[in-house]
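S.K.: Fold the following and give me the result.
(one chain, ligands or ions: 1)
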Amino acid sequence: MLAQRIQAVKPSATLKITALARQLKAQGKKVINLAAGEPDFDTPASVKEAAIAAIREGFTKYTPTSGIPQLKEAVAEVFQRELGVRYRPEQVVVTCGAKQALYNLLQVLIEPGDEVLIPSHYWVSYPEMVRLSGGTPVEVRTDPKEGFRLKADQIERAITPRSRVLILNSPANPTGAVLDEGRLKEIARVAVLRGLWIVSDEIYCRLVYGVPHVSIASVSPEAFARTLLVDGVSKSYAMTGWRIGYFAGPPEVVEAAERLQDHSTSNPSSISQRAALAALTGDQICLSEMSAEFGRRRDFLLQRVLRIPKISLIEPEGAFYAFLNISGTGLTSGDFSNRLLESAHVALIPGEGFGWDDHVRVSFAASQEELREGFDRLERWIRSL
Ligand SMILES: Cc1ncc(COP(=O)(O)O)c(C=O)c1O
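M.R.: Here you go, the predicted structure:
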């Protein structure tokens, strides 16, 4: 018999569609993949060189659990420069991807039975991570008419005496929604007043289109004191495989999360830490080129969707996803995705796993040619329904 804690965890909603796409590809079909959760660009050459140099130098041993001092300093500097929040390097913990940062934080903040508020649209792993920590995920419904942007009164209504943590994700996966400063101030005011911790997942903070990214940690000293700020190099620098994320926050939480990491993974790969250091401290041209290209694809997508019947889209302001409303087709997101893949060989992700069964997630981490072909096929298929 397996442990109760793992029995309660749902399998990933994206796996079924990915397995089916792989099967079709193996049969020789040309599948257009609009399902990817990672940039389609290569890791910058200078970053790879830094990793190769680390290996050659023999920088291949354990490091301090929370990361090498130079990387922690670099993270603190970037947080100050880009987000306007001042942490000491000792307040930074480097983790095996942002995922581990989120997982560890929930492990150290949640008591069994505590409630964690998750605005929906949400990234598929949040509720499962909460369950693994013994907590109860509480979905806070956002309004598509508001572009899925969370409002303070929606949290206020969901708070109970057991509420302990609010998870924020701006820019968001899967909607690309970005929370502006005014909204963040209101949300922070409620969270502080009600004594919530704010776990702020800002992994897409460098990928915004025409709007500024604001961190909730920067909106007031009180918000700063209650926020655990999570980020990483995976998405901004096309480094998903290197597994480097990080977070910063109040010393008592940082120290606890470090203790947890001491007894689980210890440090993230020494070589990847050197690579991440090169990414954060090197020239940022690759980053601006990548985000400009994502911006062009986003603009293309916005125009293209207008010409397709039965689907609509709320303009994504960040990340590299668009959340298509498919309610006009009358299909559930699972049926829509399966049938689209089987008939037109286009893979995208059902919205069900993100809390919205009448939506599907399209990723624009695909070349412009693939996007064009993918949307041509999508249009033909929808017109044939
Ligand atoms: C919102 C969000 N947070 C965190 C992560 C995990 O990032 P990492 O690869 O650094 O663990 C992802 C990856 O898809 C994500 O979409």
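S.K.: Write out the residues of this structure neighbouring the ligand.
M.R.: Residues of the chain lying near the ligand by Cβ under 6 Å from any ligand atom: 37, 97-99, 123, 169, 173, 201, 203, 232, 234, 240, 245. No exception for glycine: its C-beta is placed from N, CA and C like everyone else's.
S.K.: run the last query once more with 5 Å
M.R.: With the criterion set to Cβ under 5 Å from any ligand atom, the chain comes near the ligand through G37, G97, A98, K99, W123, N173, D201, I203, G232, S234, G245.
S.K.: TSV for those, including neighbour count and pLDDT?
M.R.: TSV is the format used below for those (neighbours: other Cβ atoms under 10 Å; pLDDT from 0 to 100):
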residue	neighbour count	pLDDT
G37	19	86
G97	22	98
A98	22	98
K99	19	97
W123	21	87
N173	25	94
D201	29	98
I203	24	98
G232	28	98
S234	23	97
G245	24	98
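S.K.: Which ones among those residues lie within strands?
M.R.: The members of these that map onto strands under DSSP state E are D201, G232, G245.
S.K.: The first one reaches Y103, doesn't it?
M.R.: No. Using Cβ atoms under 8 Å as the test, D201 is too far from Y103 to be in contact (11.6 Å).
S.K.: Which helix in this protein has the most residues?
M.R.: Assignment by DSSP state H gives helix 285-306 as the longest helix of the chain.
S.K.: tell me which residues in it are buried?
M.R.: By 16 or more other Cβ atoms under 10 Å, the buried positions in helix 285-306 come out as C286, L287, M290, S291, E293, F294, G295, R297, R298, L301, R304, V305.
S.K.: same question, stretch 9-29
M.R.: Within stretch 9-29, the residues scored as buried using 16+ other Cβ under 10 Å are A13, T14, I17, T18, L20, A21, L24.
S.K.: And the helices in the stretch 1-150 of the chain, which stretches?
M.R.: Ranges of helices within the stretch 1-150 of the chain are 4-7, 15-26, 45-57, 69-78, 97-109, 125-132, based on DSSP state H, counting those that start in this stretch.
S.K.: quick one, which of those helices is nearest to S333?
M.R.: helix 15-26 (10.1 Å; Cβ to Cβ).
S.K.: I'd guess L166 is in a helix, am I close?
M.R.: No. Counting by DSSP: H, G, I helix; E, B strand; the rest coil, L166 falls outside a helix, being strand.
S.K.: Going forward, count from 601.
M.R.: Got it, first residue is 601 now, which makes that one L766.
S.K.: who's it bridged to?
M.R.: Beta-bridge pairing for L766 (DSSP bridges): L717, I798.
S.K.: so what's it up against?
M.R.: Applying Cβ atoms under 8 Å, 6 or more residues apart in numbering to L766 gives the contacts V716, L717, I755, I787, A791, L796, W797, I798, V799.
S.K.: Repeat the analysis, applying 6 Å as the threshold.
M.R.: By Cβ atoms under 6 Å, 6 or more residues apart in numbering, the contact set of L766 is L717, A791, L796, I798.
S.K.: possible to save the residues you listed as JSON lines with neighbour count and pLDDT?
M.R.: Formatted as JSON lines, the contacts of L766 follow (neighbours: other Cβ under 10 Å; pLDDT from 0 to 100):
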{"residue": "L717", "neighbour count": "25", "pLDDT": "98"}
{"residue": "A791", "neighbour count": "26", "pLDDT": "98"}
{"residue": "L796", "neighbour count": "22", "pLDDT": "98"}
{"residue": "I798", "neighbour count": "24", "pLDDT": "98"}
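S.K.: where does the protein have its least confident helix or strand?
M.R.: Sorting the helices and strands of the chain by mean pLDDT, DSSP states H and E puts helix 615-626 at the bottom, at a mean of 84.
S.K.: Any chance you could list what contacts the longest helix of the chain?
M.R.: Against helix 885-906 from outside (Cβ under 6 Å, 6+ apart): F641, P644, L807, Y809, S836, L913, F920, A922, F964, L971, F975.
S.K.: which intervals of the protein have sub-threshold pLDDT?
M.R.: Applying pLDDT under 70 to the chain flags the ranges 613.
S.K.: Smallest gap between it and the ligand, at which residue?
M.R.: Nearest residue of the chain to the ligand (Cβ to the nearest ligand atom) works out as G697 at 2.7 Å.
S.K.: mind listing the strands for the stretch 851-985 of the chain?
M.R.: For the stretch 851-985 of the chain, applying DSSP state E, counting those that start in this stretch gives strands covering 912-913, 921-925, 946-947, 949-950, 959-963.
S.K.: For the ones you listed, state which one has the densest average packing.
M.R.: The highest mean neighbour count among the strands of the stretch 851-985 of the chain, using mean count of other Cβ atoms under 10 Å, belongs to strand 959-963: a mean of 27.
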